[in-house]
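In: Pasting a predicted model and its sequence here:
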Amino acid sequence: MGSSWRVRAFGHAPAAVRSRQIGAGIAERLDIVVRQMSHYDPESCLSRFNRAPAASWVELPEEMFRVLRCGIEIASATCGWFDPTLGEAVSLWGFGPDPASVFPTEAAALGVLERCGWRKLRLDPTRRAVWQPGGLQLNFGGIAKGFAVDFVLDWLRQGGLAAALVEIGGELAGFGVKPDGTPWWVELENPPLVAQSLPETLLALSGAAVASSGDWVQRQWAGSRSISHLIDPTTGSPADGPTAGASVIHDSCMIADAWATALCVAPPRLAMRLAAWHGLAARLVFRSGPAGLQEWLSPAMRAMAA
């Protein structure tokens, strides 16, 4: 799915046998996520839904249905600034398995946007089915990594490990403490080059998750213009606002992942209001000139730092 993963874990069983079992279990869980939710795999459940005929119900596996339902809930909570139906717009700009040879016009982007929209989806929880209105394409790039972190971490916890830290594409979650009694310390991501203008922020991840989104990740050049992989749901084009990045701490990495995406794309004032209104522990980073950054901490984040 265009990303990497890393797991650190501690337990008390014989290391050689246990490590093989752990590795196989992690691989099995990640394979489930890829088979169901990868927009890189043309045979994934997500890709098959995107090709489904108009006006049809498509039954989904349990995990994918769970992620989609969560995505729709956060789309509603964020007034659509997180939208899992922007798959065609993401592909149009070349952020997927096929890079764009020619970048689209504004008119083309708006045309694609007409086929997107989370409100067009209908869910049937009884059958775990979703309505394909026709031409709508899902993309879980802003939520699947977080789900995968939770999915792997839950399996490690159920397996009786004493402590673990899971990282997938920069999203992290952990439980327990290391054998020396110290927690899992992680540092919040900052934009490169100008990151020295921000203070270092360390988190102890014991029973918590953190996800970050930034406009410096997966950038491409469109002529003389550098574009972000983050798509503005109001224009169908790459976001180009003053927000450089967002980080969210939550019990669920899946929820943190989707919220970080929304807060990074939404207008700054709205993003700050959303974070405060929903009680999110969030940090937003804004550009304040060609070489400067400013950070904003939500009330819940400030309370954690107190």
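Out: That came through fine.
In: where in this protein is pLDDT low?
Out: The model of the chain has pLDDT under 70 over residues 13-17, 100-101, 193-197, 221-224, 289-291, 306.
In: Show me which helix runs longest in it.
Out: helix 15-37 (DSSP state H).
In: Keeping just the C-alphas, turn that one into CSV.
Out: Listed next in CSV are the C-alpha coordinates belonging to helix 15-37 (Å, rounded to 0.1, in the frame of the first residue of the first chain):
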residue,chain,number,x,y,z
ALA,A,15,12.5,-16.0,21.8
ALA,A,16,13.2,-18.2,18.8
VAL,A,17,9.8,-19.9,18.6
ARG,A,18,7.8,-16.9,19.8
SER,A,19,9.4,-14.5,17.3
ARG,A,20,8.4,-16.7,14.4
GLN,A,21,4.9,-16.9,15.6
ILE,A,22,4.7,-13.2,16.1
GLY,A,23,6.1,-12.5,12.7
ALA,A,24,3.7,-14.8,11.0
GLY,A,25,0.8,-13.3,12.9
ILE,A,26,1.8,-9.7,12.0
ALA,A,27,2.1,-10.7,8.3
GLU,A,28,-1.3,-12.4,8.3
ARG,A,29,-3.0,-9.3,9.7
LEU,A,30,-1.3,-6.9,7.3
ASP,A,31,-2.2,-9.2,4.4
ILE,A,32,-5.8,-8.9,5.4
VAL,A,33,-5.6,-5.1,5.3
VAL,A,34,-3.9,-5.2,1.9
ARG,A,35,-6.4,-7.7,0.4
GLN,A,36,-9.3,-5.7,1.5
MET,A,37,-8.3,-2.0,1.5
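In: Can you list the helices and strands that it packs against?
Out: strand 5-10, helix 45-51, helix 62-77, helix 144-158 (3 or more C-beta pairs under 8 Å, 6 or more residues apart in numbering; DSSP states H and E). From N, CA and C alone the C-beta is placed, and that goes for glycine too.
In: again, only using 6 Å
Out: Counting by 3 or more C-beta pairs under 6 Å, 6 or more residues apart in numbering; DSSP states H and E, the packing neighbours recorded for helix 15-37 are helix 62-77, helix 144-158.
In: Let's have those in CSV, adding mean neighbour count.
Out: Shown next, in CSV, are those (neighbours: other C-beta atoms under 10 Å):
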stretch, mean neighbour count
helix 62-77, 19
helix 144-158, 23
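In: okay if I get those as a markdown table plus distance to Lys120?
Out: Below are the helices and strands packed on helix 15-37 laid out as a markdown table (distance: least, C-beta to C-beta, whole Å):
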| stretch | distance to Lys120 |
| --- | --- |
| helix 62-77 | 11 |
| helix 144-158 | 20 |
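In: which one of those lies closest to Phe286?
Out: helix 62-77 (22.1 Å; C-beta to C-beta).
In: Next, the angle from that closest one to helix 15-37.
Out: 60 degrees (axes from the mean of the first three to the mean of the last three C-alpha atoms, to 10 degrees).
In: Restricting to C-alpha, output helix 62-77 in PDB.
Out: Taking C-alpha atoms only, helix 62-77 is exported to PDB below (Å, rounded to 0.1, in the frame of the first residue of the first chain):
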ATOM      1  CA  GLU A  62     -16.000  -7.200   8.400                       C
ATOM      2  CA  GLU A  63     -12.700  -5.200   8.700                       C
ATOM      3  CA  MET A  64     -13.300  -3.100   5.700                       C
ATOM      4  CA  PHE A  65     -16.900  -2.400   6.600                       C
ATOM      5  CA  ARG A  66     -15.700  -1.300  10.100                       C
ATOM      6  CA  VAL A  67     -13.200   1.100   8.500                       C
ATOM      7  CA  LEU A  68     -15.700   2.500   6.100                       C
ATOM      8  CA  ARG A  69     -18.300   3.100   8.800                       C
ATOM      9  CA  CYS A  70     -15.700   4.900  10.900                       C
ATOM     10  CA  GLY A  71     -14.700   7.000   7.900                       C
ATOM     11  CA  ILE A  72     -18.300   8.100   7.300                       C
ATOM     12  CA  GLU A  73     -18.800   9.000  11.000                       C
ATOM     13  CA  ILE A  74     -15.700  11.200  10.900                       C
ATOM     14  CA  ALA A  75     -16.800  12.700   7.600                       C
ATOM     15  CA  SER A  76     -20.000  13.700   9.300                       C
ATOM     16  CA  ALA A  77     -18.200  15.100  12.300                       C
END
